[in-house]
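>>> 3D, please:
(2 chains)
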Amino acid sequence: MSNTQLTPGVVAGRLEADDYARNFGDISPRLEPHEARVAADRCYFCHDAPCMTACPTSIDIPLFIRQISTGTAEAAAKTIFSQNILGGMCARVCPTEQLCEEACVRETAEGKPVEIGRLQRYATDSLMEKGVHPFTRAKSSGKRVAVVGAGPAGLSAAHRLAMKGHEVVIYDARPKAGGLNEYGIASYKAPGKFAADEVAWLLKIGGIRVENGKSLGNGLTLDGLKKDHDAVVLAVGLGGVNALRADGEALANVVNAVDFIADLRQQPDKSKLNIGRDVVVIGGGMTAVDAAVQSRLLGAENVTIAYRRGREKMSASTDEQDHATGVGVRILHNVAPVRVLGQGAAQEVEFAYTEDEPGGLKLSSETFRLKADQVMKAIGQTLTGAPDGLKIEGAKIAVTGAGRTSVPGVWAAGDCASGGEDLTVTAVAEGRDAAEDIHNSLMGVAG
Amino acid sequence: MANLTTNFIGIKSPNPFWLASAPPTDKKYNVERAYEAGWGGVVWKTLGSEGPPVVNVSGPRYGAIWGADRRLLGLNNIELITDRPLQVNLDEIKEVKRKWRDRALIISLMVPCDEESWKAILKRIEDTEADGVELNFGCPHGMAERGMGSAVGQVPEYIEMVTRWVKQYSRMPCIVKLTPNITDVRKPAEAAKRGGADAVSLINTINSITSVNLDSFSPEPMIDGKGTHGGYCGPAVKPIALNMVAEIARAEATRGLPISGIGGITTWRDAAEFMALGAGNVQVCTAAMTYGFKVVQEMISGLSQYMDEKGMSSTAELVGKAVPNVTDWQFLNLNYVTKAVIDQDACIKCGRCYAACEDTSHQAIDMSADRTFTVKEEECVACNLCIDVCPVTDCITMRELPLGEMDKRTGRKVGSYANWTTHPNNPGAKAAE
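Here you go, the predicted model:
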C-alpha cells in the first residue's frame, strides 16, 4: 500500500497490516479463570442488589458472580441468559459504567466497581463456546407469532416465544439477522463473527424460522401478518437517519455514520476500507463515538466530533468519550454545522458556535471552518415505514404495558417503540417482556 | 526503639520470633539463612532415634485452602520427622550453634515411648551445645500410628513420664509441645508441669482433611488415589491456638508455666496477641513457608513500633497483659448493654447488615426504599453480626449505653455490674452479698 495517514482524500490502506489487526482486535479480552475468580471475589453479594436494579434486564448479578467464584461459570451463564438471552453481546456493548457498574456499591466505596460486564462475558463465553444452549422448548402451543426485525428486541422476543412453545417467524430486511448487533456495533467490541455466532446459538432453541430480505412495505404488510399469525411483534428499529439540513449535505463523501459502521462491520479486511485524512463526525451519541474512533483506527490523521451542545448533554457515556479522546479524537462542544463546502466533494465544514439557552439552541454569528474530506452524520436515527393505523408518539410506535401497540394483536419492542433508552439491553428486555405478555394473552393467562 | 530481646526459660534470643520445628528448620542451610534474615531462634526439625531414618511419601506432602486470590489461609501436612541421618543433623546443629551464639537453637525430639530410647537420644545431643529440647508430643499423623507424637501427647500420664525422664537424663531446658487434638488442653499442660517441664509450646497441628477431590473422590493431599489426615496449621488455626494458650495461662494449676505460642502467626499483630495472652515468645512456620524467611522483618518492625507506641520497653511488659481479662462466661457483665450504630456517611448501601440481621438474627435493622439502613434499638441485642459482615471498616460501631440509660429492647435502665452467678434466672444463683 502506498497510502499513508497523510494521503489526501478518501482512500484505503493508510496503515500497515499489523496496525489493522491491533486496532480491530478485541478491545477487552475475556478474563482468564484466575482473573475472573479475583474479580468475582470483590462482589459483596449485596442484598436487593443495586446493580440488579440498574440492569434493564434485571439479571441476578450477585448470584451469577457467586456462581463464577465457585467455579461454575456455566451455571452463571444460565442465570444471565434466563433474563437476557443476548447476555453475550450485552456483556460487550452495554454502557455498564452507566448501568450496573455505576450502581455497584464498590463504585460508591472506592470508585472502582466490580467488573460486572467482563464477568458476564466470562460466564456467557464459557457456555457459548461449548455450543450448549441451556433452554428447551415447552410443548407446542399451536400458536404462530410473526416478529418483524431480527435485531436485539426481535431475537429476544422470538427466543422467549419459542421457549414457551410457539412457532415463530422472524422477518428481516437485511441479508443477515442480528440487527444492530451485526451492523451497528463498533468492530472492536465484538470482533470476528460473534454477532452471527450468537444468533446461530440463540436459534438452537428451535421453533424459529428467519426470513431475510423481507420488511414491511417490501413483501410484508401488517394486515397480512396479522391474518397469518396469532400475534405480531414489531421490532423494526430506527431505519432512517436525520438529515443535517445544512448546505452542501449532498456533496460526495458526506455519509451516514451508521452506513460507515455497517460497512466496516461487514468488511473482514479493514485495509480495503476508504477513510478520509480529515474526518468530521457530527453528533454526540454512541454512533458518533463509534464512527470517530474507528475512523482513527482506519488511519485518518485528524478526526473531530462536533456536538452542538455541552459535554454534559452528550449521550455517549463518559467512558466512551474518554475512549475517543484516548485514541486521538478531538471533541468539540457547542458548535453546529452551518454548511459543508467543496467542489463536488466535501473539503471543509463551516461551524457556528452555539449557546444552549432556555428558549433553545442559539447560533452565534462567529463561525470557523474545519478541513473535512469526509463528513459523517450521526445526529440520530428515526422510525421509518411504520404501518398505517398504529398510534405514533414522539416519533415512535406508541406502546403501553409490555409493548402493546394501539392495534390489538400487535406488539412493539426495541428502539422503534416508545419508552426506554435506545440501548441493546433495553431492547432485549422489551422483546422478552412483550413475548411474556403475548404468551399470557394467547394462552388466556391473566396478565 | 523497643528492646525485643527475650529470655525464655533462660534461653536468650534477640527477638521473640522463633521458627517452629518443621521443614524450614531441617538443615544447616535453611537455619543459617533464617538467622541471616533475622529470626531470633529456631527449633530444629524433630530428630528421631539412631537407626535407619524415617521415610517420607514422594507425592504431595501438603494440602491447602485458599482465598480467592490464592492467598493461603490454611495448610496441612503429612510429612514425618527428619528423614536425614541423626549424625548429620547433630554435626550441623553443633556447627550452626557455634557460629550463631546470640540465636536460640532448640532441638525437637521424638523417640519411642520408653526410657532407654529417651536416655539414648539425650546422650547423643548433649554435645551439640544446643540451648534446649522440645518434646514433640504433637504430630498427629504418621508417627502417631507408631505410638509417638500425639499418641503420647493425648495421654497426660505419658507426658508426665517422658518429661520426667528428660529432666532426669538432661540438664537442658525442656519445652513440651502439646497437641490440640484433645478435649481439654489444660490436662496435658498440667502433666508436663508435674513432670518438670520448663515450658510448654502450643499448638501443634490439628487433625484435618483439607479438601476432597470431587473427580477422583480422594482426600487431599492425595497419594496414589488415597489420602490420610494431616496436621492443619496456618492463619485459619490461630483462634483455636489463642484460646488454648489463654486456658493454660489463666488456669490455677498451670499459671506461671512459660508458654511458647504457636498457631497461624503471620504478622507482628498475631505475635503480640499470643504474647498478650501469656506466650513468652512465639514460633512460626506457615508464614515462612508461604512468604519465605524475610517475613520476620515485618514482625520485628511491627512489634517494635507497637511497643514504642504503648511505651513498653521490653517484651516482658507485654507478656500476659490480656490474661486477667480472660474469664468465664458466668462472670461477664450482663448489664453491659450496647447498640449498633450505622454511620450513614460511611455506608455504601450494600445491605449485607440488613440481610444478616433480617434473615439470621433479630430483625433489628430497617431498610428504607432509598436503601438507608438504620438500627431498631428496640430489637437490637448487640450481637455484632452486622459489624462482622459489613465490608466497610468502622461503618457500624457499638455504642455502649451509659449507666441509667433505658435499653429500648428490655425497657429497663442500664444497671451496674452483675453477672450470671447472681442472676434471678439462675437456679443456682447465690444471693448478692
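
>>> residue in the stretch 1-150 of chain B with the shortest distance to chain A?
For the stretch 1-150 of chain B, the residue closest to chain A is B:Ala68, as judged by C-beta to the nearest C-beta, at 3.2 Å. Heads up, the C-betas are built off the backbone N, CA and C, glycines and all.

>>> tell me who's in contact with the residue lying closest to that residue once chain neighbours are set aside.
Spatial nearest neighbour of B:Ala68, chain neighbours left out: A:Asp41 (3.2 Å); criterion: C-beta to C-beta, 6 or more residues apart in numbering or on different chains. The contact partners of A:Asp41, by C-beta atoms under 8 Å, 6 or more residues apart in numbering or on different chains, come to A:Ser69, B:Gly67, B:Ala68, B:Asp69.

>>> restrict the worst-scoring helix or strand of chain B on mean pLDDT to CA atoms and write it as PDB.
One helix or strand of chain B scores below all others by mean pLDDT, DSSP states H and E: helix B:150-153, with a mean of 90. Output of helix B:150-153 as PDB, limited to C-alpha atoms (Å, rounded to 0.1, in the frame of the first residue of the first chain):
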ATOM      1  CA  SER B 150       0.300 -37.000  69.500                       C
ATOM      2  CA  ALA B 151      -0.200 -40.600  70.700                       C
ATOM      3  CA  VAL B 152       1.900 -39.600  73.600                       C
ATOM      4  CA  GLY B 153       0.500 -36.100  73.800                       C
END
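
>>> what sits opposite A:Val279 in the beta ladder?
Following DSSP bridges, A:Val279 is listed with bridge partners A:Val303, A:Gln374.

>>> tell me how many other residues crowd it.
Using other C-beta atoms under 10 Å in any protein chain shown, the number of residues around A:Val279 comes to 29.

>>> for the stretch 201-350 of chain A, just list every one of the helices.
Taking DSSP state H, counting those that start in this stretch as the test, the helices found in the stretch 201-350 of chain A are A:222-228, A:257-266, A:286-297, A:318-326.

>>> please identify the most buried of those.
Scoring the helices of the stretch 201-350 of chain A by mean neighbour count under mean count of other C-beta atoms under 10 Å in any protein chain shown gives helix A:286-297 as the most buried, with a mean of 26.

>>> please save the CA atoms from it in PDB.
C-alpha atoms of helix A:286-297 as PDB (Å, rounded to 0.1, in the frame of the first residue of the first chain):
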ATOM      1  CA  MET A 286     -22.600   6.400  20.700                       C
ATOM      2  CA  THR A 287     -22.800   6.200  17.000                       C
ATOM      3  CA  ALA A 288     -20.700   9.400  16.700                       C
ATOM      4  CA  VAL A 289     -18.100   8.000  19.000                       C
ATOM      5  CA  ASP A 290     -18.000   4.600  17.300                       C
ATOM      6  CA  ALA A 291     -17.700   6.300  13.900                       C
ATOM      7  CA  ALA A 292     -15.000   8.700  15.000                       C
ATOM      8  CA  VAL A 293     -12.900   6.100  16.900                       C
ATOM      9  CA  GLN A 294     -13.000   3.700  14.000                       C
ATOM     10  CA  SER A 295     -12.000   6.500  11.600                       C
ATOM     11  CA  ARG A 296      -8.900   7.000  13.700                       C
ATOM     12  CA  LEU A 297      -8.300   3.200  13.800                       C
END
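
>>> got the angle between that helix and helix A:318-326?
Here helix A:286-297 runs at 20 degrees with respect to helix A:318-326, directions being taken by axes from the mean of the first three to the mean of the last three C-alpha atoms, to 10 degrees.

>>> so how far is helix A:286-297 from its chain's centroid?
14 Å (C-alpha atoms, centre = their mean, to the nearest Å).

>>> so which elements touch that helix?
Secondary-structure packing of helix A:286-297 (3 or more C-beta pairs under 8 Å, 6 or more residues apart in numbering or on different chains; DSSP states H and E): helix A:257-266, strand A:278-282, strand A:302-306, helix A:318-326, strand A:374-377.

>>> how does it look with 6 Å?
Under the contact criterion of 3 or more C-beta pairs under 6 Å, 6 or more residues apart in numbering or on different chains; DSSP states H and E, helix A:286-297 touches helix A:257-266, strand A:278-282, strand A:302-306, helix A:318-326.

>>> ok, residues contacting the second one?
Residues outside strand A:278-282 that contact it (C-beta atoms under 6 Å, 6 or more residues apart in numbering or on different chains): A:288, A:291-292, A:295, A:300, A:302-306, A:337, A:349, A:370-379.

>>> and that strand, how far from the chain's centre?
Distance of strand A:278-282 from the chain centroid (C-alpha atoms, centre = their mean) equals 21 Å.

>>> next one: stretch B:289-307
Distance, stretch centre to chain centre, for stretch B:289-307: 17 Å (C-alpha atoms, centre = their mean).

>>> residue most distant from the centroid, the chain?
Let's take chain A. A:Ser365 (36.8 Å; C-alpha atoms, centre = their mean).

>>> nope, chain B please
B:Ala369 (45.9 Å).

>>> about what we covered before: and the residue of the stretch 1-150 of chain B closest to chain A, how many neighbours?
Neighbourhood size, B:Ala68 [other C-beta under 10 Å]: 14.

>>> so for it, what's the pLDDT?
Per-residue pLDDT puts B:Ala68 at 81.

>>> so it makes contact with A:Ala39?
No. In this structure, B:Ala68 is not within contact of A:Ala39 by C-beta atoms under 6 Å, at 9.0 Å.

>>> enumerate the residues of the stretch 51-200 of chain B near chain A.
Applying C-beta under 6 Å from any C-beta of the partner chain, we find that the stretch 51-200 of chain B lies next to chain A at B:Ala68, B:Asp69.

>>> for A:Thr354, helix, strand, or coil?
Look at A:Thr354: counting by DSSP: H, G, I helix; E, B strand; the rest coil, its state is strand.

>>> near chain A, which residues of the stretch 251-400 of chain B?
Counting by C-beta under 6 Å from any C-beta, the stretch 251-400 of chain B sits next to chain A at B:Ile348, B:Lys349, B:Cys350, B:Gly351, B:Tyr354, B:Ala355, B:Pro391.

>>> make it 8 Å
Within the stretch 251-400 of chain B, the residues that sit near chain A (C-beta under 8 Å from any C-beta of the partner chain) are B:Ile348, B:Lys349, B:Cys350, B:Gly351, B:Arg352, B:Tyr354, B:Ala355, B:Met367, B:Arg371, B:Pro391, B:Val392.

>>> now, of those, which are buried?
Among these, those buried by neighbour count (16 or more other C-beta atoms under 10 Å in any protein chain shown) are B:Ile348, B:Lys349, B:Cys350, B:Gly351, B:Arg352, B:Tyr354, B:Ala355, B:Met367, B:Arg371, B:Val392.

>>> which of those fall in helices?
B:Arg352, B:Tyr354, B:Ala355 (DSSP state H).

>>> now those as JSON lines including pLDDT?
Shown next, in JSON lines, are those (pLDDT from 0 to 100):
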{"residue": "B:Arg352", "pLDDT": "98"}
{"residue": "B:Tyr354", "pLDDT": "98"}
{"residue": "B:Ala355", "pLDDT": "98"}
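
>>> from these, pick the one nearest chain A.
Of all these, chain A sits closest to B:Ala355, with 3.8 Å by C-beta to the nearest C-beta.

>>> thinking that closest one is in contact with A:His47, fair?
Yes. B:Ala355 is in contact with A:His47 according to C-beta atoms under 8 Å; the separation is 3.8 Å.

>>> one step back: show residues contacting the least confident helix or strand of chain B.
Taking C-beta under 8 Å, 6+ apart as the rule, helix B:150-153 contacts B:113, B:137-140, B:143-145, B:158-159, B:162, B:177-179, B:181-182, B:188, B:204.
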